[in-house]
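Undergrad: fold the following, please.
(chains A and B)
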Amino acid sequence: MTLLIAICVAVIFGVSIYLLLGRELKGMAMGLFLLSHGANLGILAMSGQPLRVVEEKTVLLGPPILTQASIPVDPLPQALILTAIVISFAVTAFLLTLLVATYRRVNHLAADELANDDRPTVLTTL
Amino acid sequence: MLLSRIRSGRRFSCRQLFADRIYHVTGSYMEPTPLLLMLLAVFAPALTGAITLLAPRETTTSRTLLALLGPLVSVASLAMFMNSFGVGVADPSHVTLEFVPSFGLNFAFNPDGLGLFFAFLVSGVGALIVLYARGYFGPDENALYRFYPTLGLFATAMLGLVLSDNMLAMLLFWELTSVSSFLLIGWNRDDRTAVQLALQALVTTGLGGLALLGGVILFAQSTGTWLFSEATTIVVQGADAMAQPGLLPWAFVLMFLGGATKSAQWPFHYWLPGAMAAPTPVSAYLHSATMVKAGIYLFGRLVPAFAGVEFWTTTLVAFGAVTMLLGAFLALRSDELKKIFAYTTVSQLGLLTCMYGLGALSYHEEPNLIWPITQILNHALYKAPLFLMAGAIAHAVGKKYLSQLRGLVRVKPLLAWITIAAAYALAAGPFTLSFVAKEAFLYQIYHAVEWASWMWFIAGAAVLTAIFNVAIFVRIVVTFFRSPESDAPPAHDEHHAHDGWAIWLWLPALALVAWQFIGGIAPGLYERLIAPIETHAMYWDHLPTVFSAAAHAGVPLMLSAVATALGIVLGLSPFWRTPVVDPHNKIFPESVSFLSRMGWGIFATIQTGNIRHYTYLVLGAFLLGLVAAVLHDPDLLNLPVIASIWGGPTGFILASLCVFTLVCATAISLPIFKSRIVRVLVLGACGMSVTGLYLLYQAPDLALTQLLFEIISVILFLLVLRLLPEEPPRVRMTGVLGRAVFSAIVGISIGWIVLQAGSHVDAQSAPGKLGEFFLANSYEGSELTEGRGGGGDNSVNVILVDFRGYDTLGEITVLSIAAMGIFALIAAAPRQAQDRMRAVSQQHLSSSLFQTSMRLILPLSLIFAAYLFFKGHNEPGGGFIAGLVASVALAVYRMAKGPEALKSLLPIKPGTLAAAGLLIALITAIVPVALGYPILRSHTGYIPLAGSDPFHYSTVVFFDFGVLIVVVAVAVGVINRLTEELET
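TA: Okay, here's the model as predicted:
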């Protein structure tokens, strides 16, 4: 299972970085959003695969809810991911709004052109 | 309850302890302890300085008197201290105020001879400067309003510096003196040059302060204590007593740098003449009498410890001699009075450094280093008056260059004569204390020749310095006595003429310079008057007056006679009269400009402004780090043992493979699709597939949250895409292959890391220690957690609202801040547009079926949200999930019925609502503190109900409610705002 997750993380990261390196800001926003999934899955893998050998029989572990499972999985990565999901939502929402604001200001969304706007001038004395 | 009692008990005992340290209760009256006297001496000037701010702006007299009180209280406390406890303290804990004991941070004072001497100097001269400032600024209440608090702050910093035993506390005060010096040099804020010079002084001494910090840390590391007194004792005991003796030379080098920058040693001396942009009282006080001596003080403090370091003497003597000679030469070649005196100060500081360097030679035979102290006092007694007079002359005749002051004796005889008297001391003429000090220095050098023959060079430098000093005196006298260039009377000084305080322009200078002559002519009287300070300051018992020097004539006296004669000749000669500019003045501006240009070069290379370059840079650095890690541990490249899933339940295996395929397929296909709408939908599909992985990993809370956030995110993406332009016509993309390869490398690397770490976890039989702990303590809590745990069965929820409540608090704060940012970025539509929008939204109202069904769906959804909210503590659910369900319902409702309907349903502005949610969470967090428990402590219990199971309650529900409110406010607010944008 960890192998599967690791492959998922590799694929998601690869694709999101490919998008992040694109020339258009919308693609970058999507890449960043996708990236958060990859990061969350990476954390999730740290709870170990939800299978355990008990008395020579592989059993599926239960959710970290005391009344429902005899052997629950590690709750900590889940709590961390829950926080991360919310934060990444906030970041994505902010980023998207930033795109709208940027477009209204400069009338395009090309990263390379943005680089040439608002360059600070050289400062040699205090 | 017990805990709170213990706490209050401890607080009581603390207060008791504190009172004990401040007062000794003896019989019926209270006697101040050494600690109180020390605290008073150090902090009185800053306190009274701060209080002057409260005085009405126009009352200058009371302000002056109040500011005067500070240094006077300091002097009185120091005197009382010496009277009651003598010099130094037997038990250092009597003068220690603990601050952060675990870091070794405290205010430990060390009122030994050196410290007390400096403290008296600082507070005594400080009192005179307060009075002089009143004369200098005149009744200018605005200037005095600013000046006295800053001056008080400086005096406190300086007193703390010289009295602190703790190196860190000394460093704190040291930096504070730099800051107050900065404020005072840049006194005239409209003067660009002054501000630049202030910055130059701050940066130079500040960098020195950094070096000193490093030196202090190394010193403490090598000795194992933060106290100067203890460290010195340890070093003297020898290398065996030290923790790391090898560090000592490095500590010396860094501390020397700190002292050298502060005390303007070559090549850092350039800041001191620059500091003359400050008002004259400041120049006299900070940049001549006290602050610039901080480095000298440091050397004095360190002599006992470092006298054994081989290159101490060489370093100090070499730098000191160069500084001494250079300063004297530049003083001779200056014309502006303040510049002349500034350079002679530089010269004197070099001389003092030299003296402490030489002092180490004889330290082990004669540990009372009296000569430098004589010289420090002597310098303060003539240099401060010289500055004070420079300021007074500039005020009285409006001229600040020596060449303009011809005939001053006739115009302003009093000012001229006081200046001449002080300059006579500068020349170290007979019958002044200065003469004594100079003889002592020459004597010291003469004896050092026995140690190393290159000391003859130092003797030569000393004689040259003496020649320059005499020449400066001669030139001042000659200029003052020459007939004026024009007979026109100088401009009448209206500013001060009718001010009763005008005498304070010259009286402090007279009061100081008088001691020069008392010490020189009547050493007996001088000793009787100064004796109490002097003995305790390890001061000389019997001054070698001009008489005794003449009686025991030797090489030193001969040298000084030669110097005097040559000095008079040089003073009268036409040589070296044109002013020169010190080439070192360029050091600071040139370095700043060099660094800025270099910084700009790096900036232009790295900071291209193109976000893609940043991504490459960051990820490239990440890959480099990874390569380094692999080189360090090649095992990282081995394939780990991967736990198999094949033994697990068939359904689980099948589901895993399906979800895995879905996630990978959606992710890979994402860049392939061209249509942006399709892309967003595929993005959503990928997120939904990730939800499946969460379910497989037994994380129902995650799955629910992810599902709902995915829905809201897709809505957001679609809204924003509609606000953005259509796709531009595609240009041929270049470098796609390189981009793909790079992304693949990074992706595979991260996947590899996850595989390595994850299979390591798989090999363990139980969840990690923390996870185990949370599982064990979620419901009831245990002794270890002091009953925490929140009383819930759902561990994840308990972690969020109780154990890691801080994280959640931070998280909803981030959420609210992001929302505020969004509202600010897209400002609310103007009124007119809103009306138009209303019309539009009424036109395109969606189908009546949709609207009617919303009537049913909304209440049902809200009830479901409430159910999830209350269930969340024991089963999947909780504030986040409930909030999201409600948000989705409200968002759909808004789409169906328009903005007005939402507004009537939720009349509060989203920003206010988010703030309210945060407030609820915060109050829940803080209430336990008010009740004497740790922050965020929850309370859980049972209410017995008749005829049924007892009702289980927990106070975390309020916290979770705050979370819910924030989530609803943010999600609904953002969607609503973006939809409004779309509709206008």
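Undergrad: every contact and neighbour count from this point should use C-alpha atoms.
TA: Will do.
Undergrad: distance of B:Gly350 from B:Pro281?
TA: 23 Å (Cα to Cα, to the nearest Å).
Undergrad: also B:Ala776?
TA: The gap separating B:Ala776 from B:Pro281 is 69 Å, by Cα to Cα.
Undergrad: between these two, point out the one with more neighbours.
TA: Neighbour totals were compared for B:Ala776 and B:Pro281, and B:Pro281 leads with 28 against 15 (other Cα atoms under 10 Å in any protein chain shown).
Undergrad: for the more buried one, pull up the helix or strand it's in.
TA: helix B:280-284 (DSSP states H and E).
Undergrad: from the chain's centroid, how far away is that helix?
TA: Centroid displacement of helix B:280-284 relative to its chain, using Cα atoms, centre = their mean, to the nearest Å, is 26 Å.
Undergrad: what's the mean pLDDT across stretch B:969-984?
TA: When pLDDT is averaged along stretch B:969-984, the result is 86.
Undergrad: can you show me the CA trace of that stretch as CSV?
TA: Coordinates of each C-alpha in stretch B:969-984 appear next as CSV, following Å, rounded to 0.1, in the frame of the first residue of the first chain:
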residue,chain,number,x,y,z
ALA,B,969,-18.1,32.7,7.1
VAL,B,970,-15.1,32.2,5.0
ALA,B,971,-16.5,29.7,2.5
VAL,B,972,-19.8,31.4,2.0
GLY,B,973,-18.3,34.8,2.0
VAL,B,974,-15.7,34.0,-0.6
ILE,B,975,-18.1,32.3,-2.9
ASN,B,976,-20.7,35.0,-2.5
ARG,B,977,-18.2,37.7,-3.2
LEU,B,978,-16.8,36.1,-6.4
THR,B,979,-20.4,35.4,-7.6
GLU,B,980,-21.2,39.1,-7.1
GLU,B,981,-18.2,39.9,-9.2
LEU,B,982,-19.4,37.7,-11.9
GLU,B,983,-22.8,39.2,-11.9
THR,B,984,-21.8,42.8,-12.2
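Undergrad: so which bits of that stretch are buried?
TA: Buried residues in stretch B:969-984, counted by 16 or more other Cα atoms under 10 Å in any protein chain shown: B:969-981, B:983-984.
Undergrad: and B:Phe99, helix, strand or coil?
TA: strand (DSSP: H, G, I helix; E, B strand; the rest coil).
Undergrad: that one and B:Ala108 touch, don't they?
TA: No. Using Cα atoms under 8 Å, B:Phe99 is not in contact with B:Ala108, being 9.7 Å away.
Undergrad: higher neighbour count, the two?
TA: Comparing B:Phe99 with B:Ala108 by other Cα under 10 Å, the one with more neighbours is B:Ala108, at 28 against 12.
Undergrad: got the contact list for the more buried one?
TA: B:92-93, B:95-98, B:164-166, B:169, B:227 (Cα atoms under 8 Å, 6 or more residues apart in numbering or on different chains).
Undergrad: what residues does the residue nearest to B:Tyr297 when sequence neighbours are not counted make contact with?
TA: The shortest distance from B:Tyr297 to any non-neighbouring residue, by Cα to Cα, 6 or more residues apart in numbering or on different chains, is to B:Val162 (7.3 Å). B:Val162 makes contact with B:115-116, B:118-119, B:170, B:294, B:297 under the criterion Cα under 8 Å, 6+ apart.
Undergrad: check B:Thr59 too.
TA: B:Glu141.
Undergrad: check chain A for its longest helix and report it.
TA: Longest helix of chain A, by residue count under DSSP state H: helix A:75-106.
Undergrad: so that helix, near chain B or not?
TA: Yes. Judged by Cα under 8 Å from any Cα of the partner chain, helix A:75-106 comes into contact with chain B through A:75-76, A:78-79, A:81-83, A:85-87, A:89-94, A:96-98, A:100-101, A:103.
Undergrad: ChimeraX command for the buried members of those residues?
TA: Buried residues among the residues of helix A:75-106 next to chain B (16+ other Cα under 10 Å), as a ChimeraX selection:
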select /A:75,76,78,79,81,82,83,85,86,87,89,90,91,92,93,94,96,97,98,100,101,103
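Undergrad: pull the CA atoms of stretch B:608-620 into CSV?
TA: Output in CSV follows, covering the C-alpha atoms of stretch B:608-620 (Å, rounded to 0.1, in the frame of the first residue of the first chain):
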residue,chain,number,x,y,z
THR,B,608,14.6,37.7,-11.8
GLY,B,609,11.0,38.4,-10.9
ASN,B,610,9.9,35.4,-12.9
ILE,B,611,8.1,32.9,-10.7
ARG,B,612,9.3,30.0,-12.8
HIS,B,613,12.9,30.7,-12.1
TYR,B,614,12.1,30.7,-8.4
THR,B,615,10.5,27.4,-8.7
TYR,B,616,13.5,26.0,-10.5
LEU,B,617,15.8,27.5,-7.9
VAL,B,618,14.0,26.2,-4.9
LEU,B,619,13.5,22.7,-6.3
GLY,B,620,17.1,22.6,-7.6
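Undergrad: much appreciated, bye for now.
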